[in-house]
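1. pasted the sequence and its predicted model underneath.
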Amino acid sequence: MTVVGCGYLGAVHAACMASVGHQVVGIDVDGPKIESLQAGKAPFFEPGFEQVLQEALATGRLTFTTDMASASGNTVHFVCVGTPQRAGENAADMTYVNAAVGALAPKLSPGDLVVGKSTVPVGTAARLAAIVAEHEPTAMLAWNPEFLREGFAVEDTLTPDRLVYGLPPTPAAAATAKAMLDEVYAIPLSQDTPLVTTDYATAELVKVAANSFLATKISFINAMAEVCEATGADVVQLADAIGHDARIGRRFLNAGLGFGGGCLPKDIRAFMARAGELGADQALAFLREIDSINIRRRVRMVDLAREVCGGSIVGRRIAVLGAAFKPNSDDIRDSPALDVAAQLQVQGATVTVTDPEALTNARRVWPGLNYADTALEAATDADLVLVLTEWDQYRSLDPGDLATVVAGKRMLDGRNALDPVRWRNAGWTYRALGRP
Ligand code: UGA
């Protein structure tokens, strides 16, 4: 098989598919990334990935190249390239998907299957199927959205919650495409992974609907946090209590700085943009509010920093623990933590950021901030410490140890990750979003 696009999604997919016995070629236009992958070195931080990559390379079933000609002779071709937000717009930038399929289509042989995994506006699969058919009338296209989470990418790829196949409209092509995908996913299917087969549009929508629901859950609890702040109630206890209702569930009800990353923020915006084009914008008007609630949390965090510093952060030294958009990742795309760090700096504070894995990426994108390798270094002489990404090493920080280096014992917990009693008992001013 071919895997076009070797980012967080494609590289993990390629290595995992090879690890379960398939012959895989990973293709990407980024030369240094391909060299790194071919050398068995992960170009990004993803727990467990490097080991799977090295083991798969050692079997001889996995290779990486920049040359699309290597797709010739393969029978299943996955498209895993990114669909970032277009500059200055909500809609998705389809440049990479179009370029990937444009380059792949001339390499197809009769009976090949192109499988889209990228997150795309509904209607894309039908459009791409026509491009595929123009080059090779007997080749087929299926849409097979991916639900992996960064930080759990290997686990989610090898043992997904469910598989979704968006199949071609003609019954014969649908049956052939399904049989080919069943062979690709023989192992998870043998483990009773639920399979939903649909048309193209439904498969495309499943992905954005899932991410919209997750974003809605997070913004819902963050809206409750705003109300808790206005009343002195505790959003963590509230989430625990409503989460016991199995219809609601406790997962994804962690109030705090809100969602970021390369998926949730841009996916809900692209979904709104696409619904607008389809005349269904009213149906998704609520997602605008989901987005606003999410962004308001970042503003509130900066306000809270000002409040605990006595009304002004000008000239204050602030330590920010966490730069990645979530723990166990080095991804800083739309990172709430870095957004807050940058706003604090713009408003006159001297900000030092630390993160266990994301500092190289952070330095590249935000060269104006100060960086330190450890939490203790970042917090040295700080008037205020903020935990903005809930890495385990920050959750387990000792208030006594940190107290020996800071200038002022003020802690803002942007992820409700610390125990308020423990920090207050150690003499710290502890504040968090949505808690008294
Ligand atoms: C998300 C989805 O969870 C995946 O299912 C999907 O495949 C992926 O997008 C994608 O479209 O490729 P991911 O971006 O890796 O995965 O991250 P999440 O674990 O969903 O977290 C997103 C953000 O929400 C993070 O910033 C996290 O800190 C925040 N979050 C999460 C909260 O603020 N509260 C929560 O309770 C949970």
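-> Arrived safely.
2. check the offset of the longest helix seen in the chain from the chain's centre.
-> Ordering each helix of the chain by length in residues (DSSP state H) puts helix 200-231 first. Distance, stretch centre to chain centre, for helix 200-231: 14 Å (CA atoms, centre = their mean, to the nearest Å).
3. list the buried residues of it.
-> 200, 203-208, 210-212, 214-226, 228-229 (16 or more other CB atoms under 10 Å). C-beta coordinates here come from the backbone N, C-alpha and C atoms, glycine included.
4. which of those residues are close to the ligand?
-> Among the buried residues of helix 200-231, the ones lying near the ligand by CB under 6 Å from any ligand atom are N211, L214, I218.
5. look up how far I290 lies from the first one.
-> As for N211, its distance to I290 is 11 Å (criterion: CB to CB, to the nearest Å).
6. repeat that for E204.
-> 20 Å.
7. same question, T159
-> For T159, the distance to I290 - CB to CB - is 29 Å.
8. who's more crowded, these two?
-> More crowded of T159 and I290, by other CB atoms under 10 Å: I290, with 24 against 11.
9. how close does the nearest residue to that one once chain neighbours are set aside sit to F259?
-> Nearest residue to I290 in three dimensions, chain neighbours excluded: S219, at 4.3 Å (CB to CB, 6 or more residues apart in numbering). For S219, the distance to F259 equals 8 Å [CB to CB].
10. identify the contacts common to those two.
-> N294 (CB atoms under 8 Å, 6 or more residues apart in numbering).
11. please list the residues of the protein that sit near the ligand.
-> Checking the chain against the ligand by CB under 6 Å from any ligand atom, the hits are 119, 146-150, 211, 214, 218, 252-254, 256, 258-261, 263-264, 325-326.
12. run through who's touching stretch 61-70.
-> 2, 4, 6, 14-15, 18, 21-31, 34, 37-38, 53, 56-57, 103-104, 107.
13. any idea what sits nearest the residue in the stretch 101-250 of the chain that the ligand sits nearest to, other than its immediate chain neighbours?
-> The ligand sits closest to E150 of the stretch 101-250 of the chain, with a gap of 3.6 Å, by CB to the nearest ligand atom. In this structure, E150 finds its nearest non-sequential neighbour in S329, 4.5 Å apart by CB to CB, 6+ apart.
14. please, which helix or strand holds G368?
-> Following DSSP states H and E, there is no helix or strand that holds G368.
15. list the contacts of it.
-> A342, Q345.
16. how much space between it and the ligand?
-> Separation of G368 from the ligand (CB to the nearest ligand atom, to the nearest Å): 23 Å.
17. and V3, how far from D182?
-> 18 Å.
18. looking at these two, which is more packed in?
-> Counted by other CB under 10 Å, V3 and D182 do not tie: V3 has more neighbours, with 31 against 13.
19. got the phi and psi for that one?
-> phi -130, psi 110 (degrees, to the nearest 10).
20. for G21, same thing?
-> Backbone dihedrals for G21, given as degrees, to the nearest 10, come out at phi 110, psi 0.
21. give me every residue that touches it.
-> Here G21 is in contact with R61 (CB under 8 Å, 6+ apart).
22. now the strands for the stretch 201-350 of the chain?
-> Here the stretch 201-350 of the chain has its strands, by DSSP state E, counting those that start in this stretch, at 317-321, 350-354.
23. show me what the helix or strand just after the last one is packed against.
-> Read it as strand 350-354. For strand 350-354, the succeeding helix or strand toward the C-terminus, using DSSP H and E, is helix 359-365. Packing partners of helix 359-365 (3 or more CB pairs under 8 Å, 6 or more residues apart in numbering; DSSP states H and E): strand 370-371.
24. so what are the sheet partners of the strand it packs on and their directions?
-> Looking at strand 370-371 with DSSP bridges, its partner strands are strand 350-354 (parallel).
25. now P171: how far from T197?
-> 12 Å.
26. run a quick neighbour tally on T124.
-> T124, neighbours per other CB under 10 Å, totals 23.
27. need the contact list for the residue lying closest to it once chain neighbours are set aside.
-> Spatial nearest neighbour of T124, excluding adjacent residues (CB to CB, 6+ apart): E204 at 6.5 Å. Counting by CB under 8 Å, 6+ apart, E204 touches V120, P121, V122, G123, T124, A125, W143, P145, G166.
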